[in-house]
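Participant: Pasting the sequence and the predicted coordinates here, then a few questions.
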Amino acid sequence: MYYAKPVDSYEGSYEYHIKKCIEVFHIEMDRNRDFLEEIVKSSGEDIDKFERNVYLAVSMHDFGKLSDNFQQQMLKKIKKRGKIEYFRHELLSVIYMMYATQKYLKETRNFPYHLYAVLSHHKRIDANFKEFFRERYYYKNWPVLTKEEYQYGIELVKKFSKIELNLIEELDDYKFNKESLFKYLETLLYESTLDKLNLNKENIRLLYSLCKGILQYCDWLASANIKPSYIKITQDELKLKIKSKVVLEGKKFKEIPFHNRCAMATDDVVAIAPTGSGKTEASLLWAVNSRGSKIIFLMPTMVTSNSIFSRITKHYFEQENCGLSHSNSDVYFAINEEIQILDETKFRFQLLRYKAFISQIMVSTVDQLLTSGFNLGFWAMKEYSLVGSSAIFDEIQAYDTFTLALITETIKKIKKLQGRVLVMSATLPDVLANHFTKILSVNEIIVADELMDRKHNRWRYVDKQIEEIFDEIKYYIDKGKKVAIIVNNIEKAKDIYNIFKEENYRVLCLHSEFIMKDRIEKEKILESDHNFQLVVSTQVIEVSLDISFNIMFSECAPIDSLVQRAGRCNRRGEYDDSEFIVFDYSPVSYEYVYKDQRDILEKTKEIVKKNQKYLSEYDLFNMVNEVYREFNIYDENYYEGIALYKRVVDEDIIFDLKYDEDKFHTRLYKNAKVSIIPYQYKDVVEQLFINKEYSKIALYEVPVSIGRFKKYIARNYCENEFKLPIFTIDYNEEFGIIYANDPFLML
């Protein structure tokens, strides 16, 4: 028996693994054939040739494992003794694929993307093939296959094929030159070669990513002994689940036209609906009305991603069919009491599956998909996941122009991969609506008209700084109102917290500079029936949290942010006297926080002054439009994003970039954060590291802006044997980091 992995049974055999891989391949080809036919046709490839090439990649990707070198490795691992001499089996797989398919290679001028897919299905590749440096320069003699080993592998390829294969079935006295192999693979991607063969780089990249994505998908599922799972739920079944959720929450179910219009849409959609209108449910109804079965939610933040994942797994879909991906998704699962983690190895593999977008319903921060355009991480698998998918971009107004450019290019890719797109927001200015309707060729925006006359709060403007209205705030608190104060920078939030705390009010402070453990606890408290008289927060309160205040005081900010904040005031319409009170922005907000949006800030102030009354959703929508009427999304940052994506296609093509995917910036650099661990948690996190509970270490990390980190924290690094980001700074769970001197005030 030939082994594929160190398991001393048939399930560890080469035949078993290849058979399982091919089974998944046939299922995927049958499921996605219509989509793939359109995609490869637009890329200058024939679907039959594409199927043949991908089949060869799937059936021969481990061909090199048949060598005696690899078989000895497996036996030593099974017996747990003996020194193992590693050799990258992918190299031998490519060598013997080229030999077996030499008739195809001679007769075609197409790019052999399947060879590169096999070479890179474990290791990333660059122009110099550095990941294979050892085999290229230190191994004098490479392992070879015997005639019997080659024959065995070829027979399996033929046995499970559904198409005619014209392969070289006998291995003659085949000798190869390792340097010739690398030169051949390098030469094919030379600019001169591509020009000579008239090959389009974008098409090469697309065919390669699809082939590699399918290969890795088959390999991963076969290795885990998992069959592909597909969501089969009708709109009627989903509607019943939506109704059950509403009833469970103690509300009366009412079917609204907005949901029905989304449910009936078969193509791309741009949708506008206010907070609390059930946008998630509307998007799901749209998503299940599709030939494809993959649903991908793309959210602006980790908090919103967690919230959506929790919502859909609790009410609509089985958790085993759903995945969550962002830079801290491991923490979500590690601390979620409803999820039992019995095996750390299986847990890590499950997280990798989520990272690769394998689940049929994926919830992710948008960044996890955008990085695929930079050839980072599991980019080929992510791009394959887009084939025929239904992709939902929520809160599209939340992104800067650089990120909007990357989203725009990603949407174009989704469309090329035969997917559908739904873009939605509660506050979508015309400038963004026009942009996405043009990109998606949408003739009409779906608006929740039946909810747009709804009025929840009276808006009022106070032309004073926050310190000048403390008496009014105390008045509302003393009357027993649920009060919140939202300011634009962290240090101001801390100052206000201390002032009211010293006067013996029950106050909770919330901002981004808390360790994750404390922030999660604070958010849980806020969403419960808490007894705090006052909540002081920054912009972090704008999204996701299901909380409702009677009275909210907000520092003036861009109008879309104010609308989001107001969505947490009288959120469920339970108060008859709710007010959203806007006070003047501080010099710090004007000079630093919104220094690139000063005109937006000034326009917002004037618009709010003119609209001091009970405002409907239509009023708020019109205010957003008025403020952003002259806003230009096509600025230098936008074109920088477009240029970066195009540069990857033109210069890197299929080569992987060597960046940490989770640290790669898909937002403007000024918004980037650095995670640090306060010194007081040093013993805790070191013990977690020793226990290999790595995911829980993030519970003690604080995200700090680049500016604050460089100026006040970087010099206080605490040396530790595990190289953890521990810094000797003071920290208080009530209001966060305590700086030694007055910090540069910013987000």
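Facilitator: Thanks, I have it.
Participant: where does the stretch 101-250 of the chain have low pLDDT?
Facilitator: 108-109 (pLDDT under 70).
Participant: ok, residue 356 - contacts?
Facilitator: 216, 220, 378, 381, 382, 385 (CB atoms under 8 Å, 6 or more residues apart in numbering). (Glycine included, C-beta is placed from N, CA and C.)
Participant: what pLDDT does the fifth one get?
Facilitator: Meaning residue 382. Note for residue 382: predicted pLDDT of 96.
Participant: Run a quick check on residue 665 versus residue 672, I expect a contact.
Facilitator: Yes. The criterion here is CB atoms under 8 Å, and residue 665 meets it with residue 672 at 5.8 Å.
Participant: is it true that residue 169 touches residue 157?
Facilitator: No. In this structure, residue 169 is not within contact of residue 157 by CB under 8 Å, at 9.7 Å.
Participant: So these two - more neighbours on which side?
Facilitator: residue 157 (21 against 13; other CB atoms under 10 Å).
Participant: Assign the nearest residue to the more buried one once chain neighbours are set aside to helix, strand or coil.
Facilitator: Nearest non-adjacent residue to residue 157, counting by CB to CB, 6 or more residues apart in numbering: residue 59, 4.5 Å away. Classification of residue 59 by DSSP: H, G, I helix; E, B strand; the rest coil places it in helix.
Participant: so what's residue 59 up against?
Facilitator: 18, 21, 22, 25, 156, 157, 160, 161.
Participant: what residue lies at the spatial centre of the chain?
Facilitator: Nearest to the geometric centre of the chain sits residue 368, at 2.9 Å (CA atoms, centre = their mean).
Participant: What's the PyMOL line that selects buried ones from the contacts of residue 59?
Facilitator: Those of the contacts of residue 59 that count as buried under 16 or more other CB atoms under 10 Å are selected in PyMOL with:
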select buried, resi 18+21+22+25+156+157+160+161
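Participant: Just the ones in helices from the contacts of residue 59, please.
Facilitator: Those of these mapping onto helices are 18, 21, 22, 25, 156, 157, per DSSP state H.
Participant: Show me which pair in those is furthest apart.
Facilitator: 25 and 156 (13.2 Å; CB to CB).
Participant: Scan the chain for its longest strand.
Facilitator: Determined from DSSP state E, the single longest strand within the chain is strand 455-462.
Participant: Work out the sheet partners of that strand and label each with its direction, please.
Facilitator: Strand 455-462 pairs in its sheet with strand 579-583 (parallel), strand 614-616 (antiparallel), by DSSP bridges.
Participant: Residues touching the longest one, excluding its own?
Facilitator: Contacts to strand 579-583, defined as CB under 8 Å, 6+ apart, come from residues 457-466, 469, 551-556, 562, 565-566, 569, 608.
Participant: Using PDB, write down the CA coordinates of that strand.
Facilitator: The C-alpha trace of strand 579-583 is given here as PDB (Å, rounded to 0.1, in the frame of the first residue of the first chain):
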ATOM      1  CA  GLU A 579     -34.100  63.400  22.200                       C
ATOM      2  CA  PHE A 580     -31.000  63.300  20.200                       C
ATOM      3  CA  ILE A 581     -29.000  66.400  21.200                       C
ATOM      4  CA  VAL A 582     -26.000  67.500  19.200                       C
ATOM      5  CA  PHE A 583     -23.400  69.800  20.800                       C
END
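Participant: Just give me how far whichever helix or strand comes after it sits from the chain centre.
Facilitator: Remark: after strand 579-583, the chain's next helix or strand is helix 587-588, criterion DSSP states H and E. Distance of helix 587-588 from the chain centroid (CA atoms, centre = their mean, to the nearest Å) equals 34 Å.
Participant: other SSEs contacting the helix or strand that helix 587-588 is followed by?
Facilitator: Downstream of helix 587-588, the next assigned helix or strand under DSSP H and E is helix 598-610. On a contact count with 3 or more CB pairs under 8 Å, 6 or more residues apart in numbering; DSSP states H and E, helix 598-610 meets strand 455-462, helix 559-566, helix 617-627.
Participant: List the buried residues of the first one.
Facilitator: Going by neighbour count (16+ other CB under 10 Å), the buried part of strand 455-462 is 456, 457, 458, 459, 460, 461, 462.
Participant: ok, the fifth one - contacts?
Facilitator: Same thing as residue 460. Residue 460 touches 579, 580, 581, 582, 612, counting by CB under 8 Å, 6+ apart.
Participant: about what we covered before: please identify which of the ones in helices among the contacts of residue 59 is nearest to residue 637.
Facilitator: Of these, the one sitting nearest to residue 637 (CB to CB) turns out to be residue 25, at 41.8 Å.
Participant: Pretty sure that closest one sits against residue 53.
Facilitator: No. Residue 25 lies out of contact with residue 53 (CB under 8 Å); the separation is 11.8 Å.
Participant: for the record, mean pLDDT for stretch 657-674?
Facilitator: On average, stretch 657-674 scores 76.
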